[in-house]
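1. sequence first, then the predicted structure:
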Amino acid sequence: MNALVQTEAIVKHYELGKVIVPALHNVTMKMDRGEFATICGPSGSGKTTLLNLLGFIDSPTSGEVFFDGARITYNGRSNHHKLRLEKVGFIFQTFNLIPVLTAYENVEYPLLLTAKSSAERRTLVERILREVRLWEHRHHKPNELSGGQRQRVAIARALVNNPQLVLADEPTANIDSVTAAEILDLMRTLNEEDNVTFLFSTHDPVVVRYAMRVIRLHDGEIVEA
Amino acid sequence: MLKFIRLAFKNVFRNRRRTVITGLVLVFGAAALILAGGFISFTFRGLRESTIRGQLGHIQIYHKDFFQAEEEKPLQYGLDNVEDLKKIILTQNHVRFTMARIEFSGLLSNGDKSAVFLGRGVEPEKENKLTGFALNVDTGKFLGENLQNEAESEVIVARGLAKTLKAKVGDYLTLMTTTSKGALNAMDVKVAGIYSTGIPEYDERALMVDLHTAQQLLVTQKVSKLVVVLDETEKTQEVASVLDKLLPNTVSRRWDELATFYRAVVRLYDSIFVFLGVIIFVIVVLSSSNTMMMSIFERTKEIGTQLAVGTSRVRLLVNFLYEGLLIGILGGGLGLIIALGLSLLINYSGLTMPPPPGFTNGYPLFVDLVPQIFAGVFLLIMATTVLSTIFPALKASRMKIVDALGHI
């Protein structure tokens, strides 16, 4: 099997006080290595919830998640942070950069959590910042960068540890269409050159056209995969 | 570790105003504790040395039964082989000198009126060497300095007692007391000087005579005690232990065992210092906790991001503790520097404190620079800031990532 990530009959409910809010219902899907796919659907369809489950940020109410063939367990002793650090990269809608750190330091941050030496870190950070064309801005803090530049820093941060899977939650929602197109082209290039699997969520039909594969969600169920 | 300390440093100064305000609380707390501690140390030191050098000496040697029972007659439990004991004492290291004293009481009369006195027979030259600085001879001279007729016996009378008897320098007074054999005896003495000790209640009753005068009056060769004066107060216990073994039929008492007032003052000041320390501790904890909680609340989404990109919860907790530690180091360190500066300023200012209760003279305002106090306060401030960070940091590290990311 070539599936990198896979779900089986995932159900996810949230408890808001006494009310149970269903987010996902019986979601079964898989992504193969090297895919460049999108999850699309209207607001509230469960896109972010599904990305959170695939990225081990959240746990399903029932059902199974598999990563690289291994079933993911959810108990107190699970080391999901290691999986996220080594296997998964995240890109957020609002960039989520650390404001006190420069572009260089934001990209370097995940590497600080590894045992890599200072020289190794510098090599990796420089490589990825050059790939996203931000090396000249490495000393700028997020508030000194444009929206597009911030998202490129976020992409660099997501990729610096050579993850197998990159999850992007509405990565172009907060930037203009021209910049959005640049971002998507960049992600596509990285997918093709580095064979990194990309899965991003969107509700923008223009953005959907960039994907090689579309997974449509509606009211927490997959209607097209 | 260094890489995360750099991150902690940047986060500490993320909101400079808030960090400065919290830092000021730490600086104030540290400086207050160091100044208070230094002042108390100086007060203890002054009181200790004035107790030793103004009254007790470092060690006092008594007859072995002196503290076992009340004397039925004066000097029943006095020391009678004084010269032999002195010879042994003077062979010990750190002993500067030793001198005899006789404590006795009776009535002092000017012929018309009598008053109770508490008398002391002393070796004038040595007594002046030890206690001379603490005695103000208001008029006349100390014992032994005014002898034109060596057959005359002299007395110096404390101010209050002299006033009661309207005594002046040159007047003759009569000492009346019970002898060592239980009989009454009296002796005429000439007032050589009038002095004050700074303690009004004591000045109402005190007088001093030459040791031989006291022995003649009490019809004895014994003395009440031998006072041993050392070159270093820190050697008191060591020398006392040696003397206990060497001197026959005696018992020693260190100055701190005899100085009940000193011990009471130390207890009182220590309690005040601890109370002050607790107040400052609570203020620092509340201030630091509030700062950390605000900081963490503002960074909820960032915390979610850090967890999402692979930071472990333990790493997150430790990073926050680093921030608390840094604030403690910076605030405590600056507090030390400011305390040092203020201490030097006070010490060179020439300011004086008002007289303490029971005393007539004030004393200089001075702050001792005690390394242990500086180090102790610095560690306390650091420990306090780390402690006050623990709860907010634990809360942060236990956040649900999804909830943190969704925080606005």
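-> Done, it's in.

2. leaving out the residues flanking it, which one is nearest to whichever residue of chain A sits closest to chain B?
-> For chain A and chain B, the shortest gap (Cβ to the nearest Cβ) falls at residue A:85, measuring 2.6 Å. From N, CA and C alone the C-beta is placed, and that goes for glycine too. Once flanking residues are discounted, residue A:85 sits nearest to residue B:310: 2.6 Å by Cβ to Cβ, 6 or more residues apart in numbering or on different chains.

3. rewinding a little: tell me the SS of the residue of chain A closest to chain B?
-> helix (DSSP: H, G, I helix; E, B strand; the rest coil).

4. quick one: the strands in the stretch 101-250 of chain B?
-> Along the stretch 101-250 of chain B, the segments classed as strands by DSSP state E, counting those that start in this stretch run B:114-122, B:136-140, B:154-158, B:172-178, B:184-196, B:206-210, B:225-230, B:250-254.

5. for the residue nearest to the spatial centre of chain A, name its beta-bridge partners.
-> Most central in chain A under Cα atoms, centre = their mean is residue A:167, positioned 1.7 Å from the mean C-alpha point. Beta-bridge pairing for residue A:167 (DSSP bridges): residue A:90, residue A:199.

6. for stretch A:126-137, output the C-alpha coordinates as PDB.
-> Only the C-alpha atoms of stretch A:126-137 are listed here, as PDB (Å, rounded to 0.1, in the frame of the first residue of the first chain):
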ATOM      1  CA  GLU A 126      19.200  28.800   4.500                       C
ATOM      2  CA  ARG A 127      18.200  26.200   2.000                       C
ATOM      3  CA  ILE A 128      14.500  26.400   2.600                       C
ATOM      4  CA  LEU A 129      14.500  30.200   2.900                       C
ATOM      5  CA  ARG A 130      16.200  30.500  -0.500                       C
ATOM      6  CA  GLU A 131      13.700  28.100  -1.900                       C
ATOM      7  CA  VAL A 132      10.800  30.300  -0.800                       C
ATOM      8  CA  ARG A 133      12.900  33.400  -1.900                       C
ATOM      9  CA  LEU A 134      13.100  35.000   1.500                       C
ATOM     10  CA  TRP A 135      16.700  34.700   2.400                       C
ATOM     11  CA  GLU A 136      17.300  38.500   2.100                       C
ATOM     12  CA  HIS A 137      14.400  39.100   4.600                       C
END
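
7. which residues sit against that stretch?
-> A:103-104, A:107, A:138, A:144-145, A:149, A:152-153, A:155-156, A:159-160, A:186, A:190 (Cβ atoms under 8 Å, 6 or more residues apart in numbering or on different chains).

8. farthest pair in these?
-> Using Cβ to Cβ, the two most remote members of these are A:144 and A:190, lying 24.3 Å apart.

9. for residue 205, give me its contacts.
-> Picking chain A for this. residue A:40.

10. to clarify, I was referring to chain B.
-> By Cβ under 8 Å, 6+ apart, the contact set of residue B:205 is B:115, B:116, B:117, B:118, B:158, B:160, B:161.

11. please list only the buried members of these.
-> Buried residues within the contacts of residue B:205, counting neighbours by 16 or more other Cβ atoms under 10 Å in any protein chain shown: B:115, B:117, B:158, B:160, B:161.

12. out of residue A:144 and residue A:190, which sits in the busier spot?
-> Shown here are residue A:144 and residue A:190; by other Cβ atoms under 10 Å in any protein chain shown, residue A:190 has more neighbours (21 against 12).

13. quick one: contacts for the closest residue to residue B:404 other than its chain neighbours?
-> Of all residues not flanking residue B:404 in the chain, residue B:304 sits nearest, at 2.9 Å (Cβ to Cβ, 6+ apart). Counting by Cβ under 8 Å, 6+ apart, residue B:304 touches A:96, B:399, B:401, B:402, B:403, B:404, B:405, B:406, B:407.

14. can you add secondary structure, pLDDT and distance to residue B:372 and give those residues back as CSV?
-> Listed next are the contacts of residue B:304 as CSV, based on DSSP: H, G, I helix; E, B strand; the rest coil; pLDDT from 0 to 100; distance: Cβ to Cβ, whole Å:
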residue, secondary structure, pLDDT, distance to residue B:372
A:96, coil, 93, 48
B:399, coil, 88, 41
B:401, helix, 91, 46
B:402, helix, 89, 51
B:403, helix, 88, 47
B:404, helix, 90, 44
B:405, helix, 90, 49
B:406, coil, 84, 51
B:407, coil, 76, 46
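
15. are any of those buried, and which?
-> A:96, B:399, B:401, B:402, B:404, B:405.

16. of all these, which comes closest to residue A:50?
-> Relative to residue A:50, the closest of those is residue B:402; by Cβ to Cβ it sits at 12.3 Å.

17. give me the neighbour count for residue B:370.
-> So residue B:370, with other Cβ under 10 Å, has 16 neighbours.

18. now the phi/psi pair for it, please.
-> Main-chain torsions, residue B:370, degrees, to the nearest 10: phi -110, psi 110.

19. what's the local residue count around the nearest residue to it once chain neighbours are set aside?
-> Once flanking residues are discounted, residue B:370 sits nearest to residue B:41: 5.1 Å by Cβ to Cβ, 6+ apart. Other residues within reach of residue B:41, judged by other Cβ under 10 Å, total 19.

20. show me where pLDDT drops low in the stretch 51-200 of chain B?
-> Low-confidence segments of the stretch 51-200 of chain B (pLDDT under 70): B:133, B:145-151.

21. just the helices in it please.
-> Secondary structure of the stretch 51-200 of chain B (DSSP state H, counting those that start in this stretch): helices at B:82-90, B:124-131, B:159-164, B:200-203.

22. hmm, residue B:24 and residue B:334 touching each other?
-> No. Look at residue B:334 against residue B:24 with Cβ atoms under 8 Å: they stay out of range, at 9.1 Å.

23. and chain B, which residues reach chain A?
-> Contact residues, chain B versus chain A (Cβ under 8 Å from any Cβ of the partner chain): B:3-4, B:7, B:10-11, B:14, B:301-302, B:304-313, B:315, B:401-402, B:405.
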